[in-house]
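In: Here's my sequence, what's the structure:
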Amino acid sequence: MAAKKLAILIGLGIVTAIIFGPPWWRPVNPCVIGDMSARAQAQVPDALKEIYFDAQKIRVGLGSAAVGGWEGLGDAVAVDGSAWIRNTNSRSPKYYDTVSNRYFQSNGFIFVPPGIESEQQWRISSPTSLAQLRDALAKKNSTGVIFSGYVRLAPLRFIAIARPAIDGQPVSKNATYYYTRPMQSAPEAWVYVVGVAAASASLKRADHAWLSSMLIAPPSRQDAGVGQVHGLWLKSAPDGLHSPPRRDNILAVGQLMAETSMVEGELTLYPVTRAGSCDAAARAP
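Out: Purely as a prediction, here's the structure:
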């Protein structure tokens with residue numbers, strides 16, 4: 001079959017999506033480290049207690065991670081060979097700071113492995129809330145999509161877990177216990193985001209149990225999109241939309257709130273077809 005390129009312009013009101021797909025393209029199957037319900041239930045599976053993972057075997061990812069011990073398990077993003085973690089160890093001098101390392105532990109993490117050939121690009125040129133973007137992505141990728149890239153937010157609404165989810169107290173039922181630090185905000189900020197979005201209906205699929213344990217669909221929004229987005233808050237604008245985040249430009253890591261508004265940026269999309277455990281693919285040597 002002769003090589004060809006497909007360019008589709010999708011108008012979604014305030015968001016413009018540009019998709020390029022050569023004929024050899026295949027949807028990405030994301031990898032899941034551990035049990036995605038473990039974080040939600042604040043558990044560390046026995047099989048993972050002594051296992052370390054290598055961020056250099058991850059293209060982009062998000063979830064929970066720890067450096068230096070499980071007592072520091074916090075919100076995390078992996079990109080460009082490093083895992084960036086909000087430290088939840090209250091006894092550490094770096095408590096609630098953002099730390100990074102190539103190697104990390106995790107009880108729940110979803111990632112895209114390196115070597116993916118195809119890309120779908122979404123360009124944001126008009127103000128849109130994170131909730132609106134999530135709904136738009138879910139509409140076009142009902143079974144799920146992982147996305148990453150730089151966005152400029154105005155304003156920024158940022159929060160992170162402040163206690164390690166390792167004591168068996170479910171996170172969603174004990175939010176006031178885990179989220180003891182106030183939400184951080186800024187009138188404007190650049191953030192490198194990594195997120196996952198899907199249609200609420202897809203969470204009921206048997207092969208999407210990993211996703212349903214990660215995302216909670218509000219009863220009143222069964223037909224809308226659900227998702228979770230973590231980000232690296234930058235001190236200043238990135239060198240370029242396709243450049244990896246510079247270590248000296250990262251201020252903090254955490255979760256973006258749904259009311260956060262994006263005014264510009266570009267996201268790379270990785271459609272989800274199915275996902276499974278691939279701990280071995282990212283384990284440290």
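In: list the buried ones in stretch 180-187?
Out: For stretch 180-187, burial by neighbour count (16 or more other Cβ atoms under 10 Å) applies to residue 184. C-beta coordinates here come from the backbone N, C-alpha and C atoms, glycine included.
In: Now do that stretch, average pLDDT.
Out: Mean pLDDT, stretch 180-187: 94.
In: hmm, who's touching it?
Out: Outside stretch 180-187, the residues within contact range by Cβ atoms under 8 Å, 6 or more residues apart in numbering are 96, 153-160, 162-163, 233, 252, 254, 257.
In: Report the two of those residues separated the most.
Out: Pairwise distances across those (Cβ to Cβ) peak at 30.3 Å, for the pair 154 and 163.
In: okay, the two: which has more neighbours?
Out: Using other Cβ atoms under 10 Å as the criterion, residue 154 and residue 163 rank with residue 163 on top: 21 against 14.
In: Around the closest residue to that one other than its chain neighbours, how many other residues sit close by?
Out: Using Cβ to Cβ, 6 or more residues apart in numbering and skipping the chain neighbours, the partner closest in space to residue 163 is residue 178 (5.1 Å). Residue 178: 20 surrounding residues under other Cβ under 10 Å.
In: how near is residue 178 to residue 164?
Out: For residue 178, the distance to residue 164 (Cβ to Cβ, to the nearest Å) stands at 9 Å.
In: do residue 230 as well
Out: Taken as Cβ to Cβ, the span from residue 230 to residue 164 is 16 Å.
In: the more surrounded of the two?
Out: Between residue 230 and residue 164, counted using other Cβ under 10 Å, the more crowded position is residue 230 (27 against 22).
In: Doesn't the more buried one belong to a strand?
Out: Yes - the assignment for residue 230 is a strand, going by DSSP: H, G, I helix; E, B strand; the rest coil.
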